[in-house]
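**Student:** Pasted the sequence and its predicted model underneath.
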6 protein chains.
Amino acid sequence: MPYVNVRITREGATAEQKVEVIRRMTQVLVDVLGKNPETTVVVIDEVETDNWGIGGVTVTERRRKKA
Amino acid sequence: MPYVNVRITREGATAEQKVEVIRRMTQVLVDVLGKNPETTVVVIDEVETDNWGIGGVTVTERRRKKA
Amino acid sequence: MPYVNVRITREGATAEQKVEVIRRMTQVLVDVLGKNPETTVVVIDEVETDNWGIGGVTVTERRRKKA
Amino acid sequence: MPYVNVRITREGATAEQKVEVIRRMTQVLVDVLGKNPETTVVVIDEVETDNWGIGGVTVTERRRKKA
Amino acid sequence: MPYVNVRITREGATAEQKVEVIRRMTQVLVDVLGKNPETTVVVIDEVETDNWGIGGVTVTERRRKKA
Amino acid sequence: MPYVNVRITREGATAEQKVEVIRRMTQVLVDVLGKNPETTVVVIDEVETDNWGIGGVTVTERRRKKA
């Protein structure tokens, strides 16, 4: 029954990588908390780098400064 | 004042269906809890089937296996 | 498979009212979008009135002014 | 370490405006609660007006009626 | 920079189990997506069984019926 | 109409500080995006330090190591 929401910046995660994140996060809840995987939901949100801020600046700005 | 967030897979819900979900969910909070509809917010998130996992697999995989 | 998160102020909603909100919100998704109720999750968060703001003031302040 | 999620309707907020929202919201948490800005995350979600309801109607309908 | 929100029913997860969920979920994002663990946030919400619905009924009701 | 969710660790934020966070965050959306404050909602979630992880460890562990 757990619900997991994974929020990451949109930077080209592949369908295969998302399959793997979902598979392994579900397994964590089975292994550690004994949750039923059949009713465990994992939702991945991919967010534009213009819309994600850390340290008071967007990831877009942060990448530009590093470049 | 309530805030409702409805998360579904993106599979062609029409504008009319979304109008109906919003209208009826708001009414539930009015009827059952006496909430003021004017300040009740309902936000629908439509999520790609690659990004939604249940039972440890994505909805995309699950549909493929059933087909 | 849908996930619904209902956020309201904590003001004495009874267990019976929560049962009713969950039952009816699930039914909305069955009726309007043909969703499977068995995998539909509804989670209610009750938030202290000190922690909920609207119009730039907390609900606690708002109630006090009205009193 | 705080996490802030700002949800607005998608109506043309510019990259500059988002930079400003992120910068100022982070500053609020530094000023008022003494939080460390370096680990403060602000994520902006822009939601289609068809998917945002208030008062039981979508923002799309509401705009149409006002026009 | 990822943000993970794990929502489970409140049923006695221990501090040690939560440590383990956080450690392993962070590792999934490092292994699969190459994310930086230092800025990866995992927040666990424990929700009363009266407030969690699945299949249109609360977990409290569901447990009672099974008993 | 915006909805802002501020998540922080539960470490004694006072009612006055929460009033101030709500007032100022609402003002950011008015100033930068021209939003209507009357329908702007800000919800603060205070999360136990056992339930908040960063860098793969809980805030509880992190504080203990620093002490």
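**Tutor:** Structure received. These numbers were taken from a predicted model, which means no experiment stands behind them.

**Student:** who in chain A is up against chain D?
**Tutor:** Residues of chain A found near chain D (Cβ under 8 Å from any Cβ of the partner chain) are A:7, A:47, A:50-58, A:60-61. (C-beta placed from N, C-alpha, C; glycine too.)

**Student:** Would you mark the buried spots in the worst-scoring helix or strand of chain A on mean pLDDT?
**Tutor:** When each helix and strand of chain A is scored by mean pLDDT, DSSP states H and E, helix A:59-66 comes last, with a mean of 92. Neighbour counts over helix A:59-66 (16 or more other Cβ atoms under 10 Å in any protein chain shown) mark A:Val59, A:Thr60, A:Glu61, A:Arg62 as buried.

**Student:** Closest one to chain F out of the residues you listed, please.
**Tutor:** The shortest approach to chain F among the buried residues of helix A:59-66 belongs to A:Glu61, at 16.0 Å (Cβ to the nearest Cβ).

**Student:** what does chain A have sitting close to chain E?
**Tutor:** Proximity of chain A to chain E, by Cβ under 8 Å from any Cβ, involves residues A:1-9, A:13, A:17, A:20-21, A:24-25, A:28-29, A:31-33, A:35, A:39, A:52, A:54, A:59.

**Student:** Now render the buried residues of helix A:59-66 as a markdown table, adding distance to chain F.
**Tutor:** A markdown table is the format used below for those (distance: Cβ to the nearest Cβ, whole Å):
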| residue | distance to chain F |
| --- | --- |
| A:Val59 | 17 |
| A:Thr60 | 17 |
| A:Glu61 | 16 |
| A:Arg62 | 18 |
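
**Student:** and which of these is nearest to chain B?
**Tutor:** Closest to chain B, out of all of those and judged by Cβ to the nearest Cβ, is A:Val59, at 19.0 Å.

**Student:** what's the nearest residue to that closest one if we skip its chain neighbours?
**Tutor:** Leaving aside its chain neighbours, A:Val59 sits nearest to A:Thr49 (4.0 Å; criterion: Cβ to Cβ, 6 or more residues apart in numbering or on different chains).

**Student:** Next one: that neighbour relative to chain F, how far apart?
**Tutor:** Separation of A:Thr49 from chain F (Cβ to the nearest Cβ, to the nearest Å) stands at 19 Å.

**Student:** what does A:Val30 give?
**Tutor:** 19 Å.

**Student:** Surely that residue and A:Glu38 touch.
**Tutor:** No: contact between A:Val30 and A:Glu38 fails when scored by Cβ atoms under 8 Å: they sit 10.1 Å apart.

**Student:** Which one's more surrounded, these two?
**Tutor:** Taking neighbours as other Cβ atoms under 10 Å in any protein chain shown, A:Val30 and A:Glu38 compare with A:Val30 leading, 14 against 11.

**Student:** follow-up on the earlier one: I'd like the residues of chain A next to chain D as JSON lines, with distance to chain B and secondary structure appended.
**Tutor:** Below are these laid out as JSON lines (distance: Cβ to the nearest Cβ, whole Å; DSSP: H, G, I helix; E, B strand; the rest coil):
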{"residue": "A:Arg7", "distance to chain B": "11", "secondary structure": "strand"}
{"residue": "A:Val47", "distance to chain B": "12", "secondary structure": "strand"}
{"residue": "A:Asp50", "distance to chain B": "19", "secondary structure": "helix"}
{"residue": "A:Asn51", "distance to chain B": "14", "secondary structure": "helix"}
{"residue": "A:Trp52", "distance to chain B": "16", "secondary structure": "strand"}
{"residue": "A:Gly53", "distance to chain B": "20", "secondary structure": "strand"}
{"residue": "A:Ile54", "distance to chain B": "22", "secondary structure": "strand"}
{"residue": "A:Gly55", "distance to chain B": "27", "secondary structure": "coil"}
{"residue": "A:Gly56", "distance to chain B": "26", "secondary structure": "coil"}
{"residue": "A:Val57", "distance to chain B": "26", "secondary structure": "strand"}
{"residue": "A:Thr58", "distance to chain B": "21", "secondary structure": "strand"}
{"residue": "A:Thr60", "distance to chain B": "22", "secondary structure": "helix"}
{"residue": "A:Glu61", "distance to chain B": "26", "secondary structure": "helix"}
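
**Student:** Those residues into CSV, with extra columns for distance to B:Ala67?
**Tutor:** As requested, those are exported to CSV (distance: Cβ to Cβ, whole Å):
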residue, distance to B:Ala67
A:Arg7, 30
A:Val47, 31
A:Asp50, 37
A:Asn51, 35
A:Trp52, 35
A:Gly53, 41
A:Ile54, 41
A:Gly55, 46
A:Gly56, 48
A:Val57, 45
A:Thr58, 41
A:Thr60, 39
A:Glu61, 44
